[in-house]
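Colleague: Would you be able to build a 3D model of this:
(one chain, ligands or ions: 1)
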Amino acid sequence: MTVSHPTLQVLTADDVLARFKALRSRQPVNFFAFYSSQLGGVVTDPALMVLPFDDHIVHRGHGIFDTAGLVNGNIYDLDAHLDRFLLSAERSKLRLAGSRQEMRDIIVKTTAVSGRRDGSIRYWLSSGPGSLELIPAAGSEPGFFVMIFGGLAYPERWLTEGARVMTTTYPIKAPIYAITKATDYLPNVLMQMEAKEAGFDNGVFIDEEGHVGESSNMNVAFVTRDGVLAHPKFDHILAGCTSLRILELATALQDEGLLKGIEVRDITVAEARRAREMLLVGSSVKVAPIVQWDEHVIGDGKPGPVSKALLRLLDEDMRNSDRLIEVPY
Ligand SMILES: Cc1ncc(COP(=O)(O)O)c(C=O)c1O
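Modeller: Numbering: from 1, shown residues only. Okay, the predicted model is just below:
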């Protein structure tokens, strides 16, 4: 029996460009500027925001990334994100594509090219192209990429009514992988898909000892029964730049009497479920209240005062603090 199939066309460079443009017109994206060390410059047409397939970041997940926020023409807390980026590079045995200062400069200049005043800035370091093996190919050049995009969006309902999360059935990453911001987000992706399929907004990883971990691309924190802001230790989850900043900003709420203490420690599921408030914390979500976790209602089932106060403090910090880099448009 013969199987009929359309003749496969061998494409010219012009055909490829036309097809990438067609792909983008079928599925518009909020991507405004993209720097690639492999191109040695910035492109603003999403059709041109591409990587060689054989870069090991694509077929082996040997790459890292980080994301910083762009708020009102300023980049927020970039140095904290770059510190984590460099740590992730070291843990992943990735060579840098330039010095920290050079990469920082490229991030700022790519943002300027985008002309955007609000959105997100994500950047990647890749192992580079040259083979389909596992270890970096002989002579491979590490790649550095920067994308200025619209950012991740969450429903307004998360703030007004609160989000609902479920304990994921997927195992938490081993600590060495969880503390490294590598591109292998399969457990995180599956957790979020599982939660959506079950009618929840997101999932929560629990570690083998029964301690609370984190969510898919955000941390979780709690306000305990006795009014303490409690955050899981950062030895088995990603050290969220937002969480680290929130833990500092929260001291103002202690002064106001809204919090009795601030603790970073192991949190058992049993204690966490009794919390007055449960929060999602991250660069994209900022601070959002959680009002339901599995079948348990958190607190009185409504967004609580600490989550609102922390969001206000973070919003202020994003608009007026020494953590802003003004973009030279
Ligand atoms: C797994 C994971 N945990 C936590 C966070 C929160 O980190 P940040 O506050 O730096 O966005 C992120 C997002 O980067 C993440 O991907």
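Colleague: ok but residue 159 is inside a strand, no?
Modeller: No - secondary structure of residue 159 (DSSP: H, G, I helix; E, B strand; the rest coil): helix, not part of a strand.
Colleague: That one and residue 75, how far apart?
Modeller: Per CB to CB, to the nearest Å, residue 159 is found 24 Å from residue 75. Glycine gets a C-beta too; all of them are placed from N, C-alpha and C.
Colleague: more neighbours, the two?
Modeller: residue 75 (21 against 18; other CB atoms under 10 Å).
Colleague: Contact partners for the more buried one?
Modeller: 68-69, 107-108, 111, 121, 324-325, 327 (CB atoms under 8 Å, 6 or more residues apart in numbering).
Colleague: ok so it is a strand residue?
Modeller: Yes - according to three-state DSSP, the state of residue 75 is that of a strand.
Colleague: From residue 321, how far out is it?
Modeller: Residue 75 is 12 Å from residue 321, by CB to CB.
Colleague: ditto for residue 17
Modeller: Residue 17 is 43 Å from residue 321, by CB to CB.
Colleague: likewise residue 90?
Modeller: 28 Å.
Colleague: go on, residue 167?
Modeller: On the measure of CB to CB, residue 167 and residue 321 end up 35 Å apart.
Colleague: before we move on, what about residue 81?
Modeller: 15 Å.
Colleague: Counting neighbours, which of the contacts of residue 75 end up buried?
Modeller: By neighbour count, with 16 or more other CB atoms under 10 Å, these hold 68-69, 107-108, 111, 121, 324-325, 327 as buried.
Colleague: what about the host helix or strand of residue 86, near the ligand?
Modeller: Using DSSP states H and E, residue 86 sits in helix 78-91. No - using CB under 6 Å from any ligand atom, helix 78-91 stays clear of the ligand, coming no nearer than 6.5 Å.
Colleague: which residues sit against that helix?
Modeller: Under CB under 8 Å, 6+ apart, the answer for helix 78-91 is 64-68, 95-96, 100, 103-104, 107-108, 121, 123, 125, 176, 179-182, 239, 241, 244-245, 283, 323, 325.
Colleague: List, out of those residues, those positioned next to the ligand.
Modeller: Applying CB under 6 Å from any ligand atom, the subset of the contacts of helix 78-91 adjacent to the ligand comprises 67, 241, 283.
Colleague: any idea which of the residues you listed has the most stuff around it?
Modeller: residue 241 (26 neighbours).
Colleague: That one and residue 283 touch, don't they?
Modeller: Yes - the pair residue 241 / residue 283 is scored as a contact, 6.5 Å apart, by CB atoms under 8 Å.
Colleague: what number of residues lie near the closest residue to residue 94 other than its chain neighbours?
Modeller: Leaving aside its sequence neighbours, residue 94 sits nearest to residue 125 (CB to CB, 6 or more residues apart in numbering; 5.4 Å). Neighbours of residue 125 under the rule other CB under 10 Å: 29.
Colleague: now do residue 9
Modeller: For residue 9, using other CB under 10 Å, the count is 8.
Colleague: which SSE is the closest residue in space to it that isn't next to it in sequence in?
Modeller: Of all residues not flanking residue 9 in the chain, residue 15 sits nearest, at 7.4 Å (CB to CB, 6+ apart). If you go by DSSP H and E, residue 15 is part of helix 13-26.
Colleague: Show me what secondary structure element comes after that helix.
Modeller: strand 31-36.
Colleague: So what's the gap between the following helix or strand past that next one and the chain middle?
Modeller: For strand 31-36, the following helix or strand on the C-terminal side (DSSP H and E) is strand 41-43. Put simply, strand 41-43 sits 23 Å off its chain's centre (CA atoms, centre = their mean, to the nearest Å).
Colleague: With only the CA atoms kept, save the next helix or strand after strand 41-43 in CSV.
Modeller: Once strand 41-43 ends, the next helix or strand along the chain (criterion: DSSP H and E) is helix 56-59. C-alpha atoms of helix 56-59 as CSV (Å, rounded to 0.1, in the frame of the first residue of the first chain):
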residue,chain,number,x,y,z
HIS,A,56,21.0,23.3,23.4
ILE,A,57,18.6,25.5,25.2
VAL,A,58,16.0,24.3,22.6
HIS,A,59,16.5,20.6,22.5
